[in-house]
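Colleague: Have a look at this fold, sequence not included:
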């Protein structure tokens with residue numbers, strides 16, 4: 001069998017066509033996502049996976065520079081495969097192909113293959129030559145199957161969620177795609193401050209909005225408003241069969257009625273999630289990735305409310321584990337140093353070494 005080769009590709013539209021149509025794919029392998037990561041220091045490169053003159057997949061590699069001139073390679077939710085096939089064999093081939101194009105200063109490559117493991121299934125610790133490591137993206141998520149009818153999707157929701165959807169609509173809450181990035185940013189910043197979470201510079205998100213829509217994907221904002229006031233919303237990235245809810249937030253509704261009393265809860269977060277899914281369904285996406293739930297539910301964690309909200313929409317719990325292939329003996333030391341740095345940042349921001357999700 002001819003060996004697998006990684007062939008550089010510099011045409012964003014040709015690359016995006018392959019990623020969008022691949023059988024195993026993710027929006028995080030899209031050109032626009034790589035351009036957004038470039039704003040925070042990563043250097044993206046795109047490759048075709050070619051064997052014997054046939055393109056069998058594609059991969060966006062992000063090179064993250066480290067002190068001392070070293071770097072790590074990272075394929076966010078990649079590589080993508082034109083056919084599912086024998087995944088382990090293809091990934092072993094991939095490891096050998098990456099070694100041929102890697103620089104001497106590249107210490108390792110991390111991949112997050114976009115084929116999930118069901119929530120109750122055992123997660124392999126190895127995939128051929130690859131060993132399981134910490135993910136950069138949320139490892140545990142919930143995905144809703146949008147191929148179901150709206151009636152079936154509503155029936156799959158928790159009864160409280162169904163009631164909140166009806167109540168929100170009755171009280172005038174409307175959620176839809178919205179061009180007002182600044183209103184989203186206000187919600188997002190307020191949520192991150194409240195939960196002691198970090199965020200990237202604004203240019204990261206605006207670059208993704210611009211570049212994803214230019215090159216084969218969809219980046220867009222969905223906001224839930226009541227009487228024009230934005231109360232909940234999120235940043236979506238869609239490509240291929242999936243729409244992904246990557247970033248979001250909400251604010252407390254502190255409005256008062258004519259008598260100076262707090263107005264009844266207008267259920268903006270629930271309407272936001274529901275209408276974001278209905279919008280994705282209407283545009284032909286087959287699944288909606290709610291993007292990140294805690295590995296272990298801690299009732300004292302800030303994320304427990306988000307977890308329960310997402311769980312109540314009745315999707316499937318999935319794992320997207322990460323795997324690393326070491327290119328030099330320094331790889332283990334570098335991983336420990338990066339983990340130490342993450343622990344330090346978590347302690348500084350939230351007083352705990354634990355990651356948010």
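Modeller: Received, thanks. Note that the structure is predicted; figures quoted are calculated from it, not measured. Numbering: from 1, shown residues only.
Colleague: Was I right to think residue 148 contacts residue 156?
Modeller: Yes: under the criterion of C-beta atoms under 8 Å, residue 148 makes contact with residue 156 at 7.3 Å. C-betas here are computed from N, CA, C, even on glycine.
Colleague: any chance you could map the helices in the protein?
Modeller: Assigned by DSSP state H, the helices in the chain fall at 12-21, 31-38, 87-101, 150-156, 159-170, 181-195, 202-214, 268-282, 304-311, 331-350.
Colleague: Let me know which of the ones you listed is the nearest to residue 128.
Modeller: For residue 128, the closest of the helices of the chain is helix 87-101, at 3.9 Å, according to C-beta to C-beta.
Colleague: distance between that closest one and the chain's centre?
Modeller: Distance of helix 87-101 from the chain centroid (C-alpha atoms, centre = their mean, to the nearest Å) equals 24 Å.
Colleague: Average pLDDT for it, rounded please.
Modeller: Looking at helix 87-101 alone, the average pLDDT works out to 90.
Colleague: So which elements touch that helix?
Modeller: Helices and strands touching helix 87-101, by 3 or more C-beta pairs under 8 Å, 6 or more residues apart in numbering; DSSP states H and E, are strand 4-8, strand 43-51, strand 54-65, strand 106-111, strand 126-127, strand 322-326.
Colleague: hey, which of these is tucked in deepest?
Modeller: Ranked by mean neighbour count under mean count of other C-beta atoms under 10 Å, the helices and strands packed on helix 87-101 are led by strand 106-111, which reaches a mean of 23.
Colleague: so how far is that strand off the chain centroid?
Modeller: Taking the mean of its C-alpha atoms, strand 106-111 sits 20 Å from the chain's own mean (C-alpha atoms, centre = their mean).
Colleague: Likewise for stretch 324-334?
Modeller: Using C-alpha atoms, centre = their mean, the offset of stretch 324-334 from its chain centre is 25 Å.
Colleague: mind checking the end-to-end distance for it?
Modeller: Taking C-alpha to C-alpha, to the nearest Å as the measure, stretch 324-334 stretches 12 Å from start to finish.
Colleague: Only the buried residues of that stretch, if you could.
Modeller: Neighbour-count burial for stretch 324-334, counted by 16 or more other C-beta atoms under 10 Å, picks out 324-327, 330-331, 334.
Colleague: Ok, stretch 218-235 next?
Modeller: Buried-residue list, stretch 218-235, by 16+ other C-beta under 10 Å: 218-226, 229-235.
Colleague: quick one on the thing from earlier: could I get the helices of the chain as CSV with distance to residue 134?
Modeller: Listed next are the helices of the chain as CSV, based on distance: least, C-beta to C-beta, whole Å:
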stretch, distance to residue 134
helix 12-21, 25
helix 31-38, 18
helix 87-101, 18
helix 150-156, 32
helix 159-170, 32
helix 181-195, 21
helix 202-214, 21
helix 268-282, 28
helix 304-311, 20
helix 331-350, 7
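Colleague: for these, which one sits closest to residue 71?
Modeller: helix 331-350 (9.6 Å).
Colleague: elements contacting that closest one?
Modeller: Going by 3+ C-beta pairs under 8 Å, 6+ apart, helix 331-350 lies up against strand 106-111, strand 322-326.
Colleague: right, and these - which one's nearest residue 54?
Modeller: So among these, strand 106-111 is nearest, using C-beta to C-beta, at 21.0 Å.
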